[in-house]
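> Here is a sequence with its predicted model. Questions after.
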Amino acid sequence: MKYTVSIEIALPREKVVQLLADPAHLPMWLRGLVLHEPLSGVHGQVGTKSRVVLQMGQQKVEAIETITRLEPADLRDLPEGDVVRFEREIVGDGMWSAGRERLTEAGPSTTLWVSENEYRFSGLMMRLVGLLMPGAFRKQSLRHMQDFKAFAEQGTDVRKAKG
């Protein structure tokens with residue numbers, strides 16, 4: 001299963017990149033995050049493996065995230081017009097996914113975030129979930145992006161927000 005979602009954020013690309021790259025901000029916008037801890041490497045750097053635990057309703061989902069691409073490698077002083085690319089693979093029980101994030105300047109104070117996502121399922125239960133509820137994955141990805149936008153633009157913390 002593959003899909004792409006996007007959102008515009010009313011902040012310069014450099015500020016958006018700084019907020020996304022800071023692990024201290026993750027719990028503020030990544031709804032349901034219980035844990036995100038590097039097992040090897042440095043947070044956000046290529047090759048880093050992290051244990052990720054999300055609470056989704058009554059279910060806890062645990063997976064290993066591996067950063068597979070970060071361009072440019074140094075996120076400070078980004079050249080104007082460059083596309084920032086961040087890619088990761090996530091492997092969990094019965095599931096493999098890849099996320100390919102692109103951040104571009106949509107204007108002097110606006111950033112376009114495009115997220116390409118791919119999922120592969122193994123095991124009967126996860127295959128059924130993927131087959132019967134493909135829209136749920138897209139909806140969740142878009143919700144994470146909307147939560148980040150609210151955090152970045154208005155300081156909204158999902159841990160304190162209703163819904």
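All right, it came through fine.

> Worst mean pLDDT across the helices and strands of the chain, which element?
Lowest by mean pLDDT, DSSP states H and E among the helices and strands of the chain is helix 124-132, with a mean of 62.

> Now do the very next helix or strand once past that helix, average pLDDT.
Next helix or strand after helix 124-132 toward the C-terminus (DSSP states H and E): helix 134-154. Computed over helix 134-154, the mean pLDDT rounds to 90.

> Touching helix 134-154 from outside, list them.
Residues from elsewhere that reach helix 134-154 (Cβ atoms under 8 Å, 6 or more residues apart in numbering): 1, 3, 5-7, 9-11, 15-16, 19-20, 25, 28-31, 113, 115, 117, 119, 129-130, 156-158, 161. The way it works is simple: take the backbone N, C-alpha and C, and place the C-beta from them, glycine included.

> In strands, which of the residues you listed appear?
The members of those that map onto strands under DSSP state E are 3, 5-7, 9, 113, 115, 117, 119.

> List buried residues within those.
For these, a burial check counting by 16 or more other Cβ atoms under 10 Å picks out 5, 9, 113, 115, 117, 119.

> who's in contact with the third one?
What it means is residue 113. 6-9, 16, 101-103, 145, 148.

> With adjacent residues omitted, what lies nearest to residue 81?
Leaving aside its sequence neighbours, residue 81 sits nearest to residue 105 (Cβ to Cβ, 6 or more residues apart in numbering; 6.7 Å).

> Tell me where the model's unsure across the protein.
124-132, 134, 162-163 (pLDDT under 70).

> thinking again about what came up before, got TSV for the contacts of residue 113, with distance to residue 42 too?
As requested, these are exported to TSV (distance: Cβ to Cβ, whole Å):
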residue	distance to residue 42
6	28
7	27
8	30
9	25
16	21
101	18
102	22
103	20
145	25
148	22
